[in-house]
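Peer 1: following is a predicted model, sequence given first.
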Amino acid sequence: LVFAKTPATQEIVGLQAAAHGLAIPPGDSNYTVESSATLHEEAYLMGMRAHMHLRGKSFLFRAVYPTGETETLLNLPRYDFEWQPYYYLASPKLLPRGTRIECTAVFDNSRNNPYNPNPAATVFWGPQTWDEMMIGWLDVAVARAK
């Protein structure tokens with residue numbers, strides 16, 4: 001435990017861009033789901049984590065800045081349910097107020113996915129591994145309320 005010598009000026013906030021209403025059709029090997037979160041104040045991006053279950057195939061984080069410019073923040077072309085680390089940036093990235101973080105996930109609900117427990121089922125959001133989730137976790141540093 002380390003105590004700060006001066007009062008903190010920022011705090012880390014966990015945000016998520018999630019698609020709770022997903023319904024992955026049976027047999028679909030490339031089902032795309034999108035979600036987004038918009039920043040209502042300036043923040044520094046510290047880290048990201050993709051979360052899906054057994055049908056997860058790929059995950060992309062992209063920033064859409066208020067100017068309209070876009071930037072890929074993290075691309076996971078081969079998502080693995082057994083390997084879900086947080087990806088921390090080497091240095092914090094300033095995200096202006098109004099930046100939208102867009103997440104794109106692709107699922108494989110086909111027989112070609114050896115981890116798929118039931119390729120004949122439509123898969124909905126749920127907490128069990130045979131269900132699915134689509135969450136883009138974001139850790140951002142924001143100005144601490146005084």
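Peer 2: Good, I have the coordinates.
Peer 1: low pLDDT regions in this protein?
Peer 2: Counting by pLDDT under 70, the chain shows low-confidence ranges at 146.
Peer 1: and the helices in it?
Peer 2: For the chain, helices defined by DSSP state H do not occur.
Peer 1: report how many residues lie close to residue 30.
Peer 2: For residue 30, the count of nearby residues is 11 (other CB atoms under 10 Å). Just so you know, the C-beta spots here come from the backbone N, C-alpha and C atoms, and that holds for glycine as well.
Peer 1: quick check, it in contact with residue 108.
Peer 2: Yes - using CB atoms under 8 Å, residue 30 is in contact with residue 108, at 7.1 Å.
Peer 1: identify the contacts common to those two.
Peer 2: Both residue 30 and residue 108 are in contact with residue 57, where contact means CB atoms under 8 Å, 6 or more residues apart in numbering.
Peer 1: residue 133 against residue 52, yeah?
Peer 2: Yes - contact criterion CB under 8 Å: residue 133 and residue 52 qualify, at 6.0 Å.
Peer 1: these two - which one has more neighbours?
Peer 2: Set residue 133 next to residue 52 and count neighbours by other CB under 10 Å: residue 52 wins out with 24 against 18.
Peer 1: thought the more buried one was touching residue 82?
Peer 2: No - between residue 52 and residue 82 there is no contact under CB under 8 Å: 11.8 Å.
Peer 1: what sits against residue 2?
Peer 2: By CB under 8 Å, 6+ apart, no residues touch residue 2.
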